[in-house]
Every structure is written in C-alpha cells, then in structure tokens.
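Engineer: quick one, fold the following:
(one chain, ligands or ions: 1)
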Amino acid sequence: MAQIEVKNVTKVYSLGNEHLKAVDNVSLAVDKGEFLSIVGHSGSGKTTLLSIIGGITTPTSGNILFNGKDINKFSSNELSEYRCVSVGFMFQFASLLPVLTAKENLMLPNLFRNKKLPTESVEKKAEELIRMVGLGDKINAYPSQLSGGQQRRIAIARAFMNDPEVILADEPTGDLDEETEIEMMQFFKSMNKKNNITFIMVTHNNDLAMQTDRRLRMVSGSIHEL
Ligand SMILES: Nc1ncnc2c1ncn2[C@@H]1O[C@H](COP(=O)(O)OP(=O)(O)OP(=O)(O)O)[C@@H](O)[C@H]1O
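Structural biologist: Now for the predicted structure:
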C-alpha cells in the first residue's frame with residue numbers, strides 16, 4: 001500500500017464569477033521513503049497540491065489517503081495530529097516567530113502534539129537539529145539577528161522536530177547560496193535514507209530535482225512523470 005495516495009484531486013478557486021482550476025484531476029501514489037521532486041512554472045499549482053496533501057487546503061473534489069486513511073474523514077484532533085506530527089512542512093517563506101529564539105521556534109511544534117514530550121528532551125533535540133543545519137552558534141539568536149538564509153535553515157530544522165513521516169517542502173532552498181543549498185540537499189538525503197522519511201519537494205532547481213528518486217512536472221494543474 002502506498003503511504004500517500006492522491007486520488008483525482010481537483011481544486012478550483014472562485015473569485016466572484018471567475019473560477020480558476022489550480023489543480024486539475026491529479027492522481028499520484030507515493031511510497032514510504034521515496035524522494036520525489038515536483039517542478040513546474042510559477043502558477044502551475046505546485047503549492048496548492050502540497051497544501052492539499054498536507055491537509056491545509058481542502059480539495060474541491062478528490063481524496064488524499066495517508067496510510068490508507070482518507071484525511072478528509074479525520075476528526076479535527078486527528079487532522080491536527082496529521083498536520084503537526086505526521087507531516088513536516090517547509091514553506092516557501094521561512095515564517096519564524098520573531099519574538100522567539102531559534103531554539104524556541106523549534107520547540108513550538110511540540111505544543112501541538114496530543115502527547116507532549118518532556119521539555120528537556122525537546123530542547124535537546126532542537127539544539128541537535130540546529131547544529132545539524134550548521135547553525136550551532138545561533139541557537140539562542142532571534143530571527144532578526146539571523147540572515148535570510150540562516151532563518152531558512154532554522155525553518156528547515158523545525159520541520160523535523162516532531163519526527164515526521166513525510167516532509168512537504170516548497171522551494172526549501174530558494175533563497176540559499178549555492179554552497180548552502182548543496183549542504184541542505186545532503187542533509188535532506190541523509191534524513192531520507194537514515195530515517196526513511198518521505199520527501200515531496202517543489203523546486204525550480206533542475207540540478208536538485210535530478211538528485212531525487214522520481215521527478216514530476218506540473219503544467220496548468222496537471223501532473224506528469226518525467
Ligand atoms: N487562495 C487562493 N485564492 C485564489 N487563487 C489562488 C489561491 N492560491 C493560489 N491561487 C492561484 O492558483 C494558481 C496556482 O497557484 P500555486 O501557488 O499553487 O502555484 P505554484 O505552482 O506553486 O506557483 P509558484 O511557483 O509561483 O509558487 C495560481 O494561478 C494562483 O494565482
């Protein structure tokens with residue numbers, strides 16, 4: 001059984017009399033531990049598809065099955081656990097809370113677990129992940145004291161805090177320099193292999209896409225294998 005099944009998913013955005021089909025009858029099966037990349041022009045529906053898979057956006061029609069269960073049928077508690085624990089998000093923009101330090105930003109997702117972990121172990125894990133993305137000297141820095149690329153790396157680390165089964169990454173290395181981008185890709189690949197975490201990554205970078213197990217292209221809401 002596939003870990004994630006996208007079944008005939010369509011998303012139509014309606015603005016007054018205008019209707020825009022952002023995702024057009026997409027079907028896709030992703031196995032546990034796969035590293036998948038999605039490329040496509042701006043506006044082709046990549047972000048919309050990721051947020052539907054992640055349970056943030058409700059599709060107009062179609063279903064998302066996670067380990068065989070339809071996420072649209074989850075209770076609100078189950079859906080919140082799915083979004084906050086089963087799935088780790090890397091959004092297009094770093095989105096750190098400015099009043100919290102890097103470490104505190106990483107500790108935040110624990111608050112949304114049904115079974116919260118002890119603060120001490122969460123703190124240790126946050127520090128370890130920040131070191132893993134190469135920012136061991138910035139653990140107690142506030143976002144305003146970090147460069148854009150450093151904030152991005154903290155947001156990357158945050159996605160792994162709840163030991164997700166799946167990472168949904170939307171242009172995760174978009175604003176990083178080439179060297180750091182390569183380092184982050186190595187980090188993703190090692191988390192994918194060591195922890196068997198599934199990756200679905202939207203990228204504009206063909207070199208990065210070429211390093212993944214499977215490549216897909218979105219064109220006007222439809223998806224094609226490359
Ligand atoms: N909340 C919304 N309301 C109305 N239209 C939307 C909304 N979100 C996205 N769209 C439209 O849906 C289409 C697909 O957008 P989406 O963000 O999924 O594309 P994308 O491929 O991720 O683009 P990019 O690479 O620029 O991030 C676009 O035409 C966009 O304007």
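Engineer: quick check: mean pLDDT of stretch 170-177?
Structural biologist: In this model, stretch 170-177 carries a mean pLDDT of 90.
Engineer: what's the span of it, first residue to last?
Structural biologist: 17 Å (Cα to Cα, to the nearest Å).
Engineer: quick one: that stretch near the ligand?
Structural biologist: No: Stretch 170-177 does not reach the ligand (Cβ under 6 Å from any ligand atom); its nearest approach is 7.0 Å. Bear in mind the C-beta positions are built from the backbone N, C-alpha and C, glycine included.
Engineer: buried stuff in that stretch?
Structural biologist: For stretch 170-177, a neighbour-count test (16 or more other Cβ atoms under 10 Å) marks 170, 171, 172, 173, 174, 175, 176 as buried.
Engineer: helix/strand/coil for the residue nearest the centre of the chain?
Structural biologist: Most central in the chain under Cα atoms, centre = their mean is residue 168, positioned 2.3 Å from the mean C-alpha point. Assigned by DSSP: H, G, I helix; E, B strand; the rest coil, the conformation of residue 168 is strand.
Engineer: report the contact partners of it.
Structural biologist: By Cβ atoms under 8 Å, 6 or more residues apart in numbering, the contact set of residue 168 is 50, 53, 54, 87, 88, 89, 90, 200.
Engineer: tabulate those residues (a markdown table), appending neighbour count.
Structural biologist: Supplementary listing: the contacts of residue 168 in a markdown table, determined by neighbours: other Cβ atoms under 10 Å:
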| residue | neighbour count |
| --- | --- |
| 50 | 23 |
| 53 | 23 |
| 54 | 20 |
| 87 | 25 |
| 88 | 25 |
| 89 | 22 |
| 90 | 27 |
| 200 | 26 |
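Engineer: pick out the most distant pair among those.
Structural biologist: Across the contacts of residue 168, the longest distance by Cβ to Cβ is 13.3 Å; it joins 53 and 90.
Engineer: just checking, what packs against the top helix by length along the chain?
Structural biologist: Secondary structure assigned by DSSP state H gives helix 178-195 as the longest helix of the chain. Packing partners of helix 178-195 (3 or more Cβ pairs under 8 Å, 6 or more residues apart in numbering; DSSP states H and E): strand 35-40, helix 148-158, strand 166-170, strand 198-202.
Engineer: ok, 6 Å please
Structural biologist: For helix 178-195, there is no helix or strand it packs on, judged by 3 or more Cβ pairs under 6 Å, 6 or more residues apart in numbering; DSSP states H and E.
Engineer: contacts for it next, please.
Structural biologist: 35, 149, 173, 197, 199, 208 (Cβ atoms under 6 Å, 6 or more residues apart in numbering).
Engineer: and the contacts of stretch 119-136?
Structural biologist: 102, 103, 106, 107, 110, 139, 153, 156, 157, 160.
Engineer: which one of the residues you listed sits in the busiest neighbourhood?
Structural biologist: Per-residue neighbour counts (other Cβ atoms under 10 Å) across the contacts of stretch 119-136 peak at residue 102, which has 29 neighbours.
Engineer: this completes my enquiry, with thanks.
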